[in-house]
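Peer 1: Quick one, fold the following:
(chains A and B)
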Amino acid sequence: SAVISQKPSRDICQRGTSLTIQCQVDSQVTMMFWYRQQPGQSLTLIATANQGSEATYESGFVIDKFPISRPNLTFSTLTVSNMSPEDSSIYLCSVEDFLLAGFNNEQFFGPGTRLTVL
Amino acid sequence: SQQGEEDPQALSIQEGENATMNCSYKTSINNLQWYRQNSGRGLVHLILIRSNEREKHSGRLRVTLDTSKKSSSLLITASRAADTASYFCATDAGQNSGGSNYKLTFGKGTLLTVNP
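Peer 2: Numbering: from 1, shown residues only, chains lettered A, B, ... in the order given. Down below sits the predicted model:
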């Protein structure tokens, strides 16, 4: 499996500010995803980070609020913009790659970024 | 409707006992995966079972899949305190085209507590 790191691991932010979360993979991967996990809840897919093009967002998530970059096959960032307390969540990136998983679409997750917005 | 709903929501057992968690889903799937999450950290991939498989084993884990009932179960045998975690099932209903965009839909999870 791939080794995935995220920065920061946790942060406490003020309302109205923005935070950029980084996801780094130790090998080139085809697909990268960003998920949100609100307190006590399950994971919800925010978007698919596409290399060299705009991210594909799920219903309920928009680019202005969650801009995503993916400049290459090993790195992606998610920005949480104009934060409010409702954005307090764990944000996780995940990867999927044919070379890692073959025809199984196993997704491997980073350790997550725990965000608290005051 | 919620895809991938686990039950029970919480399970407390003694060390050495077996733990069984169930997952139900509503639409056709390509495969179903189980993940573990320790105390709000990242997810650890446990096992994947394809839609044409009925049972799979990995160490102390046993997963079954019943596509006619749209349900899966995860059995952890001889549980240990270190198994204390939240367990999630995730389903994929995408097209199998090798490395393409698969969207995983997660259930709400079962919180397993194994008491020493």
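
Peer 1: helices and strands around the helix or strand where B:Ser73 lies, which ones?
Peer 2: Following DSSP states H and E, one finds B:Ser73 within strand B:71-76. The elements that strand B:71-76 packs onto, with contact taken as 3 or more C-beta pairs under 8 Å, 6 or more residues apart in numbering or on different chains; DSSP states H and E, are strand B:19-24, strand B:31-37, strand B:43-50, strand B:61-66, strand B:85-92. For every residue, glycine as well, the C-beta is placed using N, CA and C.

Peer 1: okay, those in CSV with mean pLDDT next?
Peer 2: Putting the helices and strands packed on strand B:71-76 into CSV (pLDDT from 0 to 100) gives the following:
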stretch, mean pLDDT
strand B:19-24, 94
strand B:31-37, 93
strand B:43-50, 92
strand B:61-66, 97
strand B:85-92, 92
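
Peer 1: Return the residues in contact with the residue lying closest to B:Ala19 once chain neighbours are set aside.
Peer 2: Take B:Ala19 and drop its neighbours on the chain: the residue closest to it by C-beta to C-beta, 6 or more residues apart in numbering or on different chains is B:Ile76, 4.5 Å away. The contact partners of B:Ile76, taken as C-beta atoms under 8 Å, 6 or more residues apart in numbering or on different chains, are B:18-20, B:60-61, B:83, B:112.

Peer 1: And B:Thr113, by the same measure?
Peer 2: With C-beta under 8 Å, 6+ apart, B:Thr113 has these contacts: B:10-13, B:84.

Peer 1: do the same with A:Gln107
Peer 2: A:33, A:94-96, B:33, B:45, B:90, B:102, B:104.
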